[in-house]
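>>> compute the structure for the input listed below.
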Amino acid sequence: MNLEGLIFAPKKCPKKKRHYNVHYSLLPLVWCNSEPLKAAQLFDKVDIDKNDLLDRKELDSIFLLFDVDGDKQVSKAEFQNDWVNKFSLGNIKEADALFARADQTHDGVIAANDIDAIFTFFDVNGNSNVDLNEFLTQWGQVTLIPVNPIDTHVG
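Got it, this is the predicted structure:
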């Protein structure tokens, strides 16, 4: 399904070469410069083999993007700063919510021992891969994206 015309508003957003197979129920969420679009772009960036699935290594790389000092772990300060300033993914409250979810050991850092729980959280169907629908759904839960249902009532 080619959703490019629905995802990117003409003349307002750059054309993308990639086409996302977003489930129809997610379409109202994916707008130009929206949080879901940013998440979809992040998904695309770390989907190294471009198979529209994230494996464990690819999903891990999302969190390593925040590892400023290269110590193979992400401190809360690194995460907050990069979330808000470097990547412009959201506000500090959203950064804190995702960090709290990711720091499964509650030791103040996201490290290798936290990644198992992170992957399990995103891999909703348990098939050892995360597709874009799973990623957007779970990302929305941790970034506090409000979902406004579409009124389909006729009459």
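>>> and the next helix or strand past the helix or strand of the chain with the lowest mean pLDDT?
Across the helices and strands of the chain, mean pLDDT, DSSP states H and E gives its lowest value to helix 4-7, namely a mean of 36. Heading C-terminal from helix 4-7, the first helix or strand you meet, by DSSP states H and E, is helix 35-46.
>>> parallel or antiparallel, list what pairs with the next helix-or-strand element following that following helix.
Sequence order places strand 53-54 as the next helix or strand after helix 35-46, per DSSP H and E. Using DSSP bridges, the strands paired with strand 53-54 are strand 130-131 (antiparallel).
>>> list of residues touching the strand it pairs with?
The contact list for strand 130-131 (Cβ atoms under 8 Å, 6 or more residues apart in numbering) reads 52-54, 59, 119, 122-123. C-beta here means a position set from N, CA and C on the backbone, and glycine is covered the same way.
>>> tell me which residues of whatever helix or strand comes next after that strand come out buried.
Later in the chain than strand 130-131, the nearest helix or strand by DSSP H and E is helix 132-142. Under the neighbour-count criterion of 16 or more other Cβ atoms under 10 Å, helix 132-142 has 132-140, 142 buried.
>>> kindly report the same for stretch 105-112.
So, applying 16+ other Cβ under 10 Å, buried residues of stretch 105-112: 109-111.
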